[in-house]
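J.: Take a look and give me a structure for this.
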Amino acid sequence: MSKLLYSVSTPRFHTIHRHSLHLLSTYSLSPLSISSSSSSSISSPLSLSHFLSPPSISFSLISRRDYSVHAFDSDSNSRSTSQLDSQAKLQEQEDTGNGGAPKPEEFPSGEFQFKEFGAWKNFVVKCRMLVAFPWQRVKKGTVLTMKLRGQVSDQFKSRFSQGLSLPQICDNFIKAAYDPRISGVYLHIEPLNCGWGKVEEIRRHILDFRKSGKFVVGYLPACGEKEYYLACACEEVYAPPSAYFRLYGLTVQASFLGGIFEKVGIEPQVERIGKFKSAGDQLTRKSISEENRDMLTTLLDNIYGNWLDTVSVAKGKSKDEVEKFINEGVYQIQRLKDEGWITNINYDDEVISMLKERLGIQKEKKLPMVDYRRYSRVNRWTLGLSGGKERIAVIRASGSISRVRGPLSSPSSGIVAEQLIEKIRSVRESKRYKAAIIRIDSPGGDALASDLMWREIRLLAAEKPVIASMADVAASGGYYMAMGTGTIIAENLTLTGSIGVVTGKFNLGKLYEKIGFNKEIISRGKFAELTAAEQRSFRPEEAELFAKSAQYAYAQFRDKAAYSRSMPVDKMEESAQGRVWTGGDASSRGLIDAIGGMGRAVAIAKQKANIPQEQPVTLVEVSRSSPSLPEILSGIGSTLVGVDRTLKVLLQELTSVEGVQARMDGIIFEKLDESSIGNPIINILKDYLGSL
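T.: Just a heads-up that it's a prediction; the model follows:
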C-alpha cells in the first residue's frame, strides 16, 4: 500500500510501520501490532486510522442464527429492512449450508500423524526418485539443513526471492519426515524477525517431524527467548563457547509523540472511539494511559506465561526454576550446559563431525547436506505426498491492506483488495474447490478495502466452507476479513481483535508560523475546508461532524463484528473499544473458534466439506505471486535490489492515506516481535528538526 506523498498542502497522518506493532502515523493507527483497516468515508475527513478489537463471549455457547439480524441492527446505525433481509438471507445460506461453524469441541485437531509407507508405496516412491529432475535428487543419508533467521514471510517465495517462507519451512519438515533419503534435520537458529504466531507454527512442525523417528539437532550461535522457544523443541541443542544468549525476559514499549509535536508546532486533532484505542494516545499524550497499560500488561503476561510453560515442559523443569534462571541474568555458556539448558558446547564443525559419526560416515568424507532453498524445490509428488482429487483453495493475505495497488508497489507488497477479491471470486465460481482457507497475516489498513473483502468472503462462505487461519497478527482490517468466514482459527499467541476507531488530522498552524509559511484557502460549501485547512483548528461545526463520522465508522465496524460472530451488539461492545487480544483470550471471548495452525484449518475444512479426515486433499495456492524483476535480479546477485528495497521503504514511510484506517498502532514489542523498533515518523521529525 505504498502511495507517494505528493501533496504538501493537505497533511495526513503518514505511514510509519507496515509490519506488526508500530505506530500508525499515516496509514497505521491502532493499539498494538495488530491491524487496522482503512475505510474511505466521504463524509469523514479522517485520514488517520480506525482500529478494531474483538468481542468477548464464548462463541460455542451462541447459536449463529440467534442474533443474525438483531446483532447487526445497531440503535446508532440502523439499516433498511431490505439491507437486513439481504444480510439475513446470506447468513441463513451459510448456516444451512457449509458455512455454519460447529462447536469448538467438535472440531478435529488436525494433529500430524506419521504413517509408514507400505512396501508398494515405497517401491513407487523409489521409482519416482529415479526419474526426478536433477535439482530434486538428494543423496541417501542426507541431512536437511535450515538456517532460521531474519524475516519469515507467510507467503510462498519463488526461487529468486530472498528470505524465508513459513509455508515452505513447514512443507520441508513434512517432506523430510517421509523422504527416505533424509536422515535428519540440522537447524541453525538465529535471531528471528517474526511474530510469535509463526514461531508456534514452526515449533509444531519440529515436533511433528520428530514423530518420524529421525533426529532434529539445533545450533544456537545467538539466542533470545524466541529462538530458544524453537530450539527446545529439538532433541539436542548445541552452542559455540562464544554464543550470545540473551534470555532476560520480555518487554513491551509504547511510544508517544505528543511532546515532539508540541515542540515543532503540530497539533494532532484526534477522535478516539474506544478507551483502549491507544493510537490516538500516541499522537496526543506524553505518557501511557491506564487502559493502555492494562491491555499491554495482559498481552505481555499471556506471552511470557506461555513461554515459561512451554520451556518448563520441554526441559523437564518447573516454571519457578525457569523464571528463577531468567531472573539471575545468566550468560555463561558453561552454566547453560551444566544446568541442562543446552546439550553441549560445540562449534558448528564439531556438531557436523558428530553427525557424521552418528550416520557412520568416515571422517575424511563430507556430510551430505541439502539446504532449505534447494530442498524446497523437491516435489511432493516425488515423495508420494501428492494430495487427493479433492481440492481446497488457500488464499494468502499478508501485509498492510490497500484498496488498489500503487504505481510503484511490487506484486508482493501487502494486500490489494481489488486483486484479492478477484481471487476470492475465482474460487467461488470454480467447482474445482470443495472448501477454502483464508490465511491472514495482516495488521490491517484501508477500512473500505477490508469491508469489500469481507463481503466477498461472506459470499464465498455462502457457497462453500471457508476457514480463516491467522498467523502472527490478524487485527483491525485483518480481523475484519476473518469475520467473513465460517470458522476462525488462530495460534495461541496470534494478536487479533482491535475493534475501535481513531481518526484525525494535523493542525500545522504553529509550525507554519515558525517556518514563515502561509496558506490561504477560498472555498464553497460549509465543510469544504474540513480536511483542506490544515493551517488551523477545526471550527465547532467541523469538529462536530468529524466526531460524528468517527462514531459512525466505529459503529459500522462493531456491528458487523457482532453480526459476523452471532453476538449481540452490547456484548460485542464489551470486547471492542480498540482492545487487542492474544489468540487464547480471543477464543474465550468468542472472537475466534479454535486454536491451531494450518494443519487444523485443513482438518476443519475437510470436516465441513464432508471429506474423510484420512483422505488426502490437494491444497491449491491461489494467491501465489510471480517473482518481480527486483526479486529476479536479487536472486542472481544484483546489487540493484538494495536500491529497490530502500526506495520502497522510503515510499511506504511517506504514504498518504485517504479515508478511515483500520490498522494497528505503533506499540513496540521488544522480543515479542523482533521487527525493527525504529519509529520512522520519529526519525523523520528528527531529520526535520535537524534541518531547521
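J.: Can you show me the strands along the stretch 201-350 of the chain?
T.: In the stretch 201-350 of the chain, the segments counted as strands under DSSP state E, counting those that start in this stretch are 215-219, 222-223, 236-239, 244-245, 267-273, 344-345.
J.: List the contacts of the residue nearest to Glu201 when sequence neighbours are not counted.
T.: Nearest residue to Glu201, sequence neighbours excluded (C-beta to C-beta, 6 or more residues apart in numbering): Gly597, at 4.5 Å. The C-beta positions use only the backbone N, C-alpha and C, and glycine is treated the same way. Applying C-beta atoms under 8 Å, 6 or more residues apart in numbering, we find Gly597 in contact with Gly110, Glu200, Glu201, Arg204, Ser469, Ile489, Glu491.
J.: Can you pick out the most distant pair from these?
T.: Gly110 and Glu200 (13.8 Å; C-beta to C-beta).
J.: of the two, who's got more company?
T.: Counted by other C-beta atoms under 10 Å, Gly110 and Glu200 do not tie: Glu200 has more neighbours, with 25 against 21.
J.: what secondary structure does the spatially most central residue of the chain sit in?
T.: Central residue of the chain (C-alpha atoms, centre = their mean): Asp441, 2.7 Å from the mean position. Of the three states, Asp441 takes strand according to DSSP: H, G, I helix; E, B strand; the rest coil.
J.: now Gly249: how far from Arg558?
T.: Using C-beta to C-beta, to the nearest Å, we find Gly249 at a distance of 35 Å from Arg558.
J.: picking up where we left off before, Met470 is in contact with the residue nearest to the centre of the chain, correct?
T.: Yes. With contact defined as C-beta atoms under 8 Å, Asp441 reaches Met470; the gap is 7.4 Å.
J.: which neighbours do the two share?
T.: Residues touching both Asp441 and Met470 (C-beta under 8 Å, 6+ apart): Gly197, Gly478.
J.: what residues go with each domain of the protein?
T.: 120-248+329-381, 254-292+387-503+552-625+645-691 (the TED database).
J.: Switch those over to CSV; also include distance to Ile303 and mean pLDDT.
T.: Listed next are these as CSV, based on distance: least, C-beta to C-beta, whole Å; pLDDT from 0 to 100:
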stretch, distance to Ile303, mean pLDDT
domain 120-248+329-381, 6, 93
domain 254-292+387-503+552-625+645-691, 6, 81
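J.: Let me know which of these is tucked in deepest.
T.: Burial of the domains of the chain is given as mean neighbour count (mean count of other C-beta atoms under 10 Å); domain 254-292+387-503+552-625+645-691 ranks first at a mean of 23.
J.: just checking, Ser183 is part of a strand?
T.: Yes. Counting by three-state DSSP, Ser183 is found in a strand.
J.: distance of it from Pro368?
T.: Applying C-beta to C-beta to Ser183 and Pro368 gives a distance of 9 Å.
J.: contacting residues for Met117?
T.: In this structure residue 117 is Phe, not Met. Contacts were defined as C-beta under 8 Å, 6+ apart; by that measure Phe117 touches Val125, Tyr178, Gly384.
J.: cool, Gly258 as well?
T.: Neighbour list for Gly258: Pro268, Leu283, Thr284, Arg285, Lys286 [criterion: C-beta under 8 Å, 6+ apart].
J.: Not counting sequence-adjacent ones, nearest residue to it?
T.: Counting by C-beta to C-beta, 6+ apart, the residue nearest Gly258 is Lys286, at 4.5 Å.
J.: so that neighbour touches Lys263, yeah?
T.: No. With contacts counted by C-beta under 8 Å, Lys286 stays clear of Lys263, the gap being 11.2 Å.
J.: What are the phi and psi values at the closest residue to Tyr372 other than its chain neighbours?
T.: Taking C-beta to C-beta, 6+ apart, and ignoring the residues beside it in sequence, Tyr372 has Met146 as its nearest neighbour in space, at 4.2 Å. With angles defined as degrees, to the nearest 10, Met146 sits at phi -140, psi 130.
J.: where's Met146 relative to Lys175, distance?
T.: 12 Å.
J.: Repeat that for Ile438.
T.: 25 Å.
J.: for Val143, same thing?
T.: Taking C-beta to C-beta, one finds Val143 at 14 Å from Lys175.
J.: What of Val217?
T.: 18 Å.
J.: What of Ser549?
T.: According to C-beta to C-beta, Ser549 and Lys175 sit 52 Å apart.
J.: what's the helix or strand where Val620 lies packed up against?
T.: Here Val620, judged by DSSP states H and E, is contained in strand 618-621. Other helices and strands packing on strand 618-621, by 3 or more C-beta pairs under 8 Å, 6 or more residues apart in numbering; DSSP states H and E, are strand 391-398.
J.: Burial check on Arg524, number of neighbours?
T.: When neighbours are defined as other C-beta under 10 Å, Arg524 has 5 of them.
J.: follow-up on the earlier one: could you say which one of the strands of the stretch 201-350 of the chain comes nearest to Thr496?
T.: With C-beta to C-beta as the measure, strand 267-273 is the member of those nearest Thr496 (19.0 Å).
J.: partners of that closest one, with directions?
T.: strand 501-507 (antiparallel) (DSSP bridges).
J.: Downstream of the partner strand, the next helix or strand is which one?
T.: Following strand 501-507 toward the C-terminus (DSSP H and E): helix 509-515.
J.: So what angle separates the directions of the next helix or strand after that next one and strand 267-273?
T.: Using DSSP H and E, the helix or strand that follows helix 509-515 in sequence is helix 540-564. Helix 540-564 runs at 40 degrees relative to strand 267-273, counting by axes from the mean of the first three to the mean of the last three C-alpha atoms, to 10 degrees.
J.: could you say what helices and strands helix 540-564 packs with?
T.: Packing partners of helix 540-564 (3+ C-beta pairs under 8 Å, 6+ apart): strand 267-273, helix 447-463, helix 477-482, strand 501-507, helix 569-575.
J.: if you set the cut-off to 7 Å instead, what comes out?
T.: Using 3 or more C-beta pairs under 7 Å, 6 or more residues apart in numbering; DSSP states H and E as the contact test, the elements touching helix 540-564 are strand 267-273, strand 501-507, helix 569-575.
J.: Quick one: neighbours of Gln551, just the number.
T.: 16.
J.: what's the closest non-adjacent residue to it?
T.: Nearest non-adjacent residue to Gln551 (C-beta to C-beta, 6+ apart): Ile273, at 5.9 Å.
J.: Surely the one you found touches Gly500?
T.: Yes. Assessed by C-beta atoms under 7 Å, Ile273 is found in contact with Gly500 at 5.9 Å.
J.: First-to-last residue distance for stretch 494-507?
T.: Criterion C-alpha to C-alpha, to the nearest Å; first-to-last residue distance in stretch 494-507 is 36 Å.
J.: hang on, the earlier thing: mind checking which of the contacts of Phe117 land in helices?
T.: Val125, Tyr178 (DSSP state H).
J.: Distance to Glu463 for the contacts of Phe117 - can I get that in JSON lines?
T.: Listed next are the contacts of Phe117 as JSON lines, based on distance: C-beta to C-beta, whole Å:
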{"residue": "Val125", "distance to Glu463": "37"}
{"residue": "Tyr178", "distance to Glu463": "34"}
{"residue": "Gly384", "distance to Glu463": "32"}
